[in-house]
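> Show me the folded form of this:
(one chain, ligands or ions: 1)
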Amino acid sequence: MDRVDGYRLDLGGMTEDAVSHRWQLTDDFFAAVNGREIGKGQVDVALRVKRTSEAFELEFGFDGVVEVECDRCLGRMNQPVHGETVLHVRLDDEDGDDGELITVARVPGILDLSWHMYEMVALGIPLRHVHPDGECDAAIVQRLDGEGQERQTDSRWDALKELITKTNK
Ligand SMILES: [Zn+2]
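Purely as a prediction, here's the structure:
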């Protein structure tokens with residue numbers, strides 16, 4: 001994961017009680033962030049920042065298409081993504097993120113949104129994503145079928161199952 005310029009929010013310098021921003025995340029953005037799930041994409045992001053007495057509420061809406069790997073044939077496919085996310089941010093002594101509340105150092109009071117936006121879009125990808133019927137790479141599907149049922153389950157579920165089994169022991 002890399003930080004990307006151009007997606008910083010100046011909370012320390014915010015003088016209004018509410019501001020709106022818009023971004024268009026393009027292939028360049030996804031290449032620069034260098035995340036695992038998404039290689040390319042075109043996603044519109046709208047952000048409304050509201051200041052409350054104690055904190056800032058960041059309401060995101062996003063809508064677009066990203067290129068991901070098909071679960072069935074491993075070929076590239078376009079996956080529509082859309083959703084809404086709210087982040088709560090507070091200015092404090094130092095930067096931090098406990099999963100519920102993000103804190104940003106009062107000086108300089110800047111929040112880099114690039115990774116938050118990437119993560120939000122990545123979470124909008126359905127757990128199972130495959131080409132529409134008939135559009136998979138037939139040769140690959142045939143070969144995978146020949147290897148048995150190994151790819152039937154998502155490896156993330158296997159890891160989770162293993163964890164649950166361990167915890168129950
Ligand atoms: Zn496919």
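> tell me the mean pLDDT for the longest strand along the chain?
For the chain, the strand that runs over the most residues, judged by DSSP state E, is strand 76-92. Averaged across strand 76-92, pLDDT comes to 96.
> how does the chain divide into domains?
As recorded under automatic domain parsing, the domains making up the chain are 8-135, 137-169.
> could you redo those domains as TSV and give each row mean neighbour count?
Yep, even glycine has a C-beta here, placed from its N, CA and C like the rest. Listed next are these as TSV, based on neighbours: other C-beta atoms under 10 Å:
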stretch	mean neighbour count
domain 8-135	15
domain 137-169	10
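> Surely residue 143 is within a helix?
Yes. Per DSSP: H, G, I helix; E, B strand; the rest coil, residue 143 lies within a helix segment.
> Looking at per-residue confidence, what score does it get?
86.
> Tell me the spacing between it and residue 136.
For residue 143, the distance to residue 136 equals 12 Å [C-beta to C-beta, to the nearest Å].
> got it, and residue 99?
37 Å.
> List the neighbouring strands of the helix or strand following the longest strand of the chain plus their orientation.
Next helix or strand after strand 76-92 toward the C-terminus (DSSP states H and E): strand 96-97. Partners of strand 96-97 in the sheet, by DSSP bridges, are strand 101-105 (antiparallel).
> can you give me the angle the strand it pairs with makes with strand 76-92?
Per axes from the mean of the first three to the mean of the last three C-alpha atoms, to 10 degrees, the angle that strand 101-105 makes with strand 76-92 is 60 degrees.
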